[in-house]
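Visitor: just a sequence and a predicted model for now, questions to come.
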Amino acid sequence: MADASSMVLIRATLTPTFSSLSSSSSLLFGTTHHPISRGKFSRSLITIRCSSISTSNDTLKAQEEVSWGCDVDSLENAASLQKWLYQSGLPEQRMAIQKVDVGERGLVALKNIRKGEKLLFVPPSLVITADSEWSCKEAGEILKQYNVPDWPLLATYLISEASLASSSRWKNYISALPRQPYSLLYWTQSELDRYLEASQIRQRAIERINDVTGTFDDLKLRIFSRHSDIFPEKVFNIETFKWSFGILFSRLVRLPSMDDRVALVPWADMLNHSCEVETFLDYDKSSKGVVYTTDRAYQPGEQVFISYGKKSNGELLLSYGFVPREGTNPSDSVELSLSLNKSDKCFKEKMEALAKYGLSVSQCYPLRVTGWPLELMAYAYLAVSPPAMKNWFDDIAAAASNKSTCKKDISFPELQEDALQFILDNCESSISKYSKFLQASGSMDLDVTNPKLLNRKLFLKQLAVDLCTSEQRILFRAQYILRRRLQEIRRGELKALRLFDGFMSLFK
Ligand SMILES: C[S@@+](CC[C@H](N)C(=O)[O-])C[C@H]1O[C@@H](n2cnc3c(N)ncnc32)[C@H](O)[C@@H]1O
């Protein structure tokens, strides 16, 4: 799926970094949080003044059936979606929506599917993009006047269409969407603090919630409050925006052959993710439809998978609300936080050098099962470099930044031991945070008696335990490699020292 930046149920990545309406600081630095409980998330029926929509009794009645999605495993709504898609031009499929073991509902092969076969062929008329026609034309025109970027525009579009129920041509699609997408957007601040304390994903989730809240606040201030007849607060509010952004984060895709446009592709968005496949969606100019080409064969009855991009378990949890089975994600990584020592004699100079390249005193770098980036090593060199190396601070800080023009493979053999020890110390302090959480998780939540609340807590806790176990596993591996490397360096130094002593004794 599409990252907020390249939310790509598809090519690459679903890492939302949607562009906001303005550069307002609220988008990045908002501090308020909005506790959202599952129970609270109900929407009332509203009639929007919209002259392009008939408001006959029939329509009003239909609005009473307004559907903001369904239970995540509802097959009934999925069947209506499938029927409507066929009636609207989706060609005969080799897959059907069914209950599945991985992902609750998914697409299952009806016939043998070969490796390299093209599937889906969703026509552009069934794809939602920023250019899709609005059922409430006035709403669409107003957003266009304000040049609202794609992500907030699509979020508003979904809410507008959902609120118009049967009057929207997307009714069947919207009815089959999850009423509450699995997403960290629905975790309260206290749940994030309690379950994700050890993981940097907690901070990413807070930033994302603040981005969504800030974007909604901007839209409200600049547009909705000025056109409240078209965008009534009962419909266009932070709760409905959490829903629509949750849908976008988990379903929006970027289509490389459609000028990289972001799109919701009904039907295709019923495909679940597997870390073992690499295929993604794209627009196929020859068949004029959204397709994807399988990279393995499927037997009838097998679930067909797609790749949501090479994402870590934390990123998958953040956008899609699931954590793959332990050890199955070759793209998994954990963010390691490194900081300059405040008592460093050159703290100020180092901080200034980092700031020049857009870095701060504390930086996070990804540790992968396969190793760590050169930038992390450069940051470690900077953290341990002595005052005598002042003239190098700038170059080292540049190498620690992600600017591709900067030289990365700097090496200071005389600092290597200290730099590796610095990374090891940080790994070990992170490992102990995970151990603390994982040990405590066994007895957590046993005091909750409300069954619904207990279910929710157990579910979130299990996700957090799965995430923390996989992140800690990568840290353990890094710890092992670092310890061995340090032993080798120290043994080598000892050997050199012994050789030197032996050499000196020749002269005695
Ligand atoms: C694009 S939708 C896929 C269709 C979805 N299963 C449905 O019924 O609407 C993405 C959502 O599917 C679920 N999902 C996808 N891949 C999964 C996986 N490997 N394991 C668990 N859940 C998965 C997650 O809830 C995710 O947010």
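Guide: Yep, that arrived.

Visitor: close to the ligand: what parts of the stretch 51-200 of the chain are there?
Guide: 72, 102-106, 178, 181-182 (C-beta under 6 Å from any ligand atom). C-beta here means a position set from N, CA and C on the backbone, and glycine is covered the same way.

Visitor: buried among those? Make that a ChimeraX selection.
Guide: Typed into ChimeraX, the line below selects the buried ones among those, using 16 or more other C-beta atoms under 10 Å:
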select :103,104,105,106,178,181,182
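
Visitor: just name the shakiest helix or strand of this protein by mean pLDDT.
Guide: The least trusted helix or strand in the chain, going by mean pLDDT, DSSP states H and E, turns out to be helix 26-29, with a mean of 23.

Visitor: hang on, the earlier thing: now for the residues of the stretch 51-200 of the chain next to the ligand, which pair is the farthest apart?
Guide: Farthest-apart pair in these is Val102 and Pro181; separation 16.7 Å (C-beta to C-beta).

Visitor: now this structure, which segments are flagged as low pLDDT?
Guide: Of all residues in the chain, those with pLDDT under 70 make up the ranges 1-67, 404, 406, 408, 494-508.

Visitor: show me what the top helix by length along the chain packs onto, helices and strands only.
Guide: In the chain, assigned by DSSP state H, the helix with the most residues is helix 451-505. The helices and strands touching helix 451-505, judged by 3 or more C-beta pairs under 8 Å, 6 or more residues apart in numbering; DSSP states H and E, are helix 189-195, helix 313-320, strand 333-339, strand 362-368, helix 413-441.

Visitor: pull out the buried positions in the third one.
Guide: Looking back up the chat, that one is strand 333-339. For strand 333-339, by 16+ other C-beta under 10 Å, it's 333-336, 338.

Visitor: ok, the residue nearest to the spatial centre of the chain to Cys427 distance?
Guide: For the chain, the residue lying nearest the average C-alpha position, counting by C-alpha atoms, centre = their mean, turns out to be Ser319 (3.5 Å). Distance of Ser319 to Cys427, given as C-beta to C-beta, to the nearest Å: 26 Å.

Visitor: repeat that for Thr156.
Guide: Here the criterion is C-beta to C-beta. By it, Thr156 lies 44 Å from Cys427.

Visitor: do Pro124 as well
Guide: For Pro124 relative to Cys427 (C-beta to C-beta), the value is 49 Å.

Visitor: neighbour count winner among these two?
Guide: Neighbour comparison, Pro124 and Cys427: the larger count goes to Cys427, with 24 against 17 (by other C-beta atoms under 10 Å).

Visitor: what sits against that one?
Guide: Cys427 makes contacts with 336, 367, 475, 478-479, 482, as judged by C-beta atoms under 8 Å, 6 or more residues apart in numbering.

Visitor: and what of Ala380?
Guide: By C-beta under 8 Å, 6+ apart, the contact set of Ala380 is 338, 419-420, 422-423.

Visitor: again, only using 6 Å
Guide: Residues touching Ala380, when contacts are defined by C-beta atoms under 6 Å, 6 or more residues apart in numbering, comprise 419, 422-423.

Visitor: domain parsing for this structure?
Guide: Following automatic domain parsing, the chain resolves into domains at 30-306, 334-491.

Visitor: and those domains: which comes nearest Asn313?
Guide: Among the domains of the chain, the nearest to Asn313 by C-beta to C-beta is domain 334-491 (4.9 Å).

Visitor: what about that closest one, near the ligand?
Guide: No - Domain 334-491 is not in contact with the ligand by C-beta under 6 Å from any ligand atom; minimum separation 10.2 Å.

Visitor: use 28 as the first number from now on
Guide: All set: I'll call the first residue 28, so the last point we hit is now domain 361-518.

Visitor: what about that domain, distance to the chain center?
Guide: Centroid separation for domain 361-518 versus its chain: 20 Å, with C-alpha atoms, centre = their mean, to the nearest Å.

Visitor: end-to-end on that domain?
Guide: Using C-alpha to C-alpha, to the nearest Å, the end-to-end distance of domain 361-518 comes to 30 Å.

Visitor: same check, this time on stretch 152-160
Guide: 10 Å.

Visitor: ok, and for it, which residues are buried?
Guide: Neighbour-count burial for stretch 152-160 flags 153-157, 159 (criterion: 16+ other C-beta under 10 Å).

Visitor: quick check, nearest of the contacts of Ala407 to the ligand?
Guide: Distances from the ligand to the contacts of Ala407, taken as C-beta to the nearest ligand atom, are shortest for Ile450 (31.7 Å).

Visitor: in terms of helices and strands, where is the nearest residue to that closest one once chain neighbours are set aside?
Guide: Spatial nearest neighbour of Ile450, excluding adjacent residues (C-beta to C-beta, 6 or more residues apart in numbering): Ala407 at 5.2 Å. Secondary structure assignment for Ala407, by DSSP states H and E: helix 401-411.

Visitor: tell me which other helices or strands the helix or strand following that helix touches.
Guide: Moving toward the C-terminus from helix 401-411, the next helix or strand (DSSP H and E) is helix 420-427. When contacts are defined as 3 or more C-beta pairs under 6 Å, 6 or more residues apart in numbering; DSSP states H and E, helix 420-427 sits against helix 374-383, helix 401-411.

Visitor: who does the shortest one touch, helix- and strand-wise?
Guide: Pointing back at helix 374-383 there. The criterion is 3+ C-beta pairs under 6 Å, 6+ apart, and the helices and strands that helix 374-383 contacts are helix 420-427.

Visitor: next, the angle helix 401-411 makes with the helix it packs on.
Guide: If you take axes from the mean of the first three to the mean of the last three C-alpha atoms, to 10 degrees, helix 420-427 sits at 150 degrees to helix 401-411.

Visitor: sorry, back to before: C-alpha coordinates for the helix holding Ala407, PDB please?
Guide: What follows is helix 401-411 as a C-alpha-only set of coordinates in PDB (Å, rounded to 0.1, in the frame of the first residue of the first chain):
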ATOM      1  CA  LEU A 401      27.200   3.800   7.400                       C
ATOM      2  CA  GLU A 402      25.400   6.800   8.800                       C
ATOM      3  CA  LEU A 403      25.000   5.100  12.200                       C
ATOM      4  CA  MET A 404      28.800   4.300  12.300                       C
ATOM      5  CA  ALA A 405      29.600   8.000  11.400                       C
ATOM      6  CA  TYR A 406      27.300   9.200  14.200                       C
ATOM      7  CA  ALA A 407      29.200   6.900  16.600                       C
ATOM      8  CA  TYR A 408      32.600   8.300  15.400                       C
ATOM      9  CA  LEU A 409      31.300  11.800  16.100                       C
ATOM     10  CA  ALA A 410      30.000  10.900  19.500                       C
ATOM     11  CA  VAL A 411      33.400   9.400  20.600                       C
END
